[in-house]
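J.: The following block contains a protein sequence and its predicted model.
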Amino acid sequence: MAITGGCLCGAVRFTIEADAPLGARHCWCRVCQYLGAGSGTVNAIFSRDALTVAGPLSDYVSRADSGSTMHRRFCAVCGTPLFSEAEPRPHQIIVRAGALDDPSLARPSAVIWTKSAPPWACFDPSLPQAEGQAPAPRA
């Protein structure tokens, strides 16, 4: 099965050759709050080798709250956040759920970085919560 997605303006399209994500989480780290315009982000994790991208991407390198060096990739035309890659895990790609054509595929299995969330943040009470970084899913 192919999972597809892209950016707001359509300049970037991607295909992931997978039936489902390896995992998905709702993240409230401060970086995700910036990317999510104040909310946390829902992020789906896939094998990096399964991803094919067409279109212009820009790359912003930053250090995550976990200490990992991250590459944040976004559409060079409209700025839609699309992917993140952690240098310690080059075999995995993190895809913003909102960039998927079917975001329901990225149902979170946990909420992470709850200690960074604002007091008004809402968490799904049925999901496990972690104050910081949870272990990455295995490829």
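T.: Yep, that arrived. Keep in mind that what you see is a predicted model, and the values were worked out from it rather than measured.
J.: can you give me the strands for the protein?
T.: Counting by DSSP state E, the chain has strands at residues 2-6, 13-17, 23-27, 41-47, 51-54, 57-63, 69-75, 81-86, 92-96, 111-112, 129-130.
J.: Quick one: those as TSV, columns for mean neighbour count and distance to Tyr34 too.
T.: Glycine gets a C-beta too; all of them are placed from N, C-alpha and C. Conversion of those to TSV gives the following (neighbours: other CB atoms under 10 Å; distance: least, CB to CB, whole Å):
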stretch	mean neighbour count	distance to Tyr34
strand 2-6	18	21
strand 13-17	18	22
strand 23-27	26	12
strand 41-47	22	10
strand 51-54	14	22
strand 57-63	12	10
strand 69-75	19	10
strand 81-86	22	9
strand 92-96	25	13
strand 111-112	24	16
strand 129-130	16	20
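J.: Of these, which is nearest Asp102?
T.: strand 2-6 (7.5 Å; CB to CB).
J.: Check the average confidence over the closest one, would you?
T.: Mean per-residue pLDDT for strand 2-6: 97.
J.: re earlier: can you tell me which of the strands of the chain has the worst average pLDDT?
T.: Among the strands of the chain, strand 129-130 scores lowest, at a mean of 89.
J.: what sits up against it?
T.: Applying CB atoms under 8 Å, 6 or more residues apart in numbering, the external contacts of strand 129-130 come out as 110-114, 123.
J.: okay, the strands of the chain in a markdown table with distance to Gln33 next?
T.: As requested, those are exported to a markdown table (distance: least, CB to CB, whole Å):
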| stretch | distance to Gln33 |
| --- | --- |
| strand 2-6 | 22 |
| strand 13-17 | 24 |
| strand 23-27 | 9 |
| strand 41-47 | 8 |
| strand 51-54 | 25 |
| strand 57-63 | 13 |
| strand 69-75 | 13 |
| strand 81-86 | 12 |
| strand 92-96 | 13 |
| strand 111-112 | 13 |
| strand 129-130 | 16 |
